[in-house]
Each structure stands twice: as C-alpha cells, then as structure tokens.
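# I would like to see how this sequence folds:
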Amino acid sequence: LTGMLAPYAGRDEAIGQQLLQGMKSLPNTSQRKKLLELLIGKINIEKLLDTILQLFSNERNESLRELLFNQVKALSVARHPQLVDVFCAELTEPGSPFRITCAGVLANAAEQYAQIIPALEDVLLYDNDRELVRLSLDGYLRPGVQKRFDVLLTVVKNEMTDVSSRQKAL
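Numbering: from 1, shown residues only. Next up, the predicted model:
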C-alpha cells in the first residue's frame, strides 16, 4: 500500500504528511528505512520540514538519521529558522557525525540567530578537532557576534588547534 501511495506523496501534501507520520509508529528500522527511501525525492522537503525535523530528532538509527539529515542540510537556515535549533543540538552533541557540516552552516548565520553563539562557544571551549574549531571560530569572529574573552583565550591556549586559528583568536 505504501509503495502504491508513495508516487502521490509529492503531488498531495496530505499523503506525504500521513506517510511520514506513519513512520513514527513503525518499530522495525528496515521498515522505516524502506518507507523513507520510497518518499525521498517524491516529497517536497520544504513543505514537510517540521515533520522531517521531528523524525530526525527522534530517530536513533544512524543510517536513517543520515538519510534525513542529507535532505535538510542543503536548505537555507535564513529561510528556515527551525533548522537552527536542530543544527545547534547536533553541533553540541559530541557523538554526532554531522558536527562539521552543522558548524559550517551555523558559522554563516552566527550574526542572525542568538542561539548559535552558545553552540559555537561550546565547541571552542571543549573540542580539539581542528576543522570543527576552525569553522566554529570563523562564525564566532564575525563582526556582529558578541564575543567572550574566556572563550577566545581557551582557543589561544589550546595547543591541539592549528596556529592560524589561534592567531585569529588572539
């Protein structure tokens, strides 16, 4: 039944919404993945963004999370402010495989949304991954961002960070 309805999910938003909502009640990961693979490419991600973000936040299977994340990562944070909270949560989650992507997206919007600054500060204070720190620092050093001295001093003291990032912080 799902296979027959999937082609119509892109034409009728209610069908797409109903199928995505039904994904929550499927206990088997392979069933959820199959349903998601049927719907990807057929549904309008922007129209069903809230449902997709809710599924992403509740999903624990890494392959399904990756499928969902790949659908929303290209969307504009400026046009879809609900992405900011999800990306900030992923950036501050030490075990997330999407941290570098989120850091790059959030760094470009650091001046627009206040909730991005604490997420960037969290990375600058506690992480040692060079690329992650560099991207977060680029966002943190934007002209419109309120900076804290202790955060910048932590970056300067962090010997695991590359020299150019430490100089920028200085």
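# Leaving out the residues flanking it, which one is nearest to the residue nearest the centre of the chain?
Closest to where the C-alpha atoms of the chain average out (C-alpha atoms, centre = their mean) is residue 87, at 3.1 Å. Take residue 87 and drop its neighbours on the chain: the residue closest to it by C-beta to C-beta, 6 or more residues apart in numbering is residue 102, 4.3 Å away. Every residue, glycine included, has its C-beta placed from N, CA and C.
# so what's that neighbour up against?
Contact analysis of residue 102 by C-beta atoms under 8 Å, 6 or more residues apart in numbering lists 87, 88, 90, 91, 96.
# Number of residues surrounding residue 48?
Residue 48 has 20 neighbours, counted by other C-beta atoms under 10 Å.
# Report the contact partners of it.
13, 16, 17, 20.
# which of the residues you listed are buried?
For the contacts of residue 48, a burial check counting by 16 or more other C-beta atoms under 10 Å picks out 16, 17, 20.
# The contacts of residue 102: which two are farthest apart?
The distance between the two most remote of these (C-beta to C-beta) is 11.1 Å, for 88 and 96.
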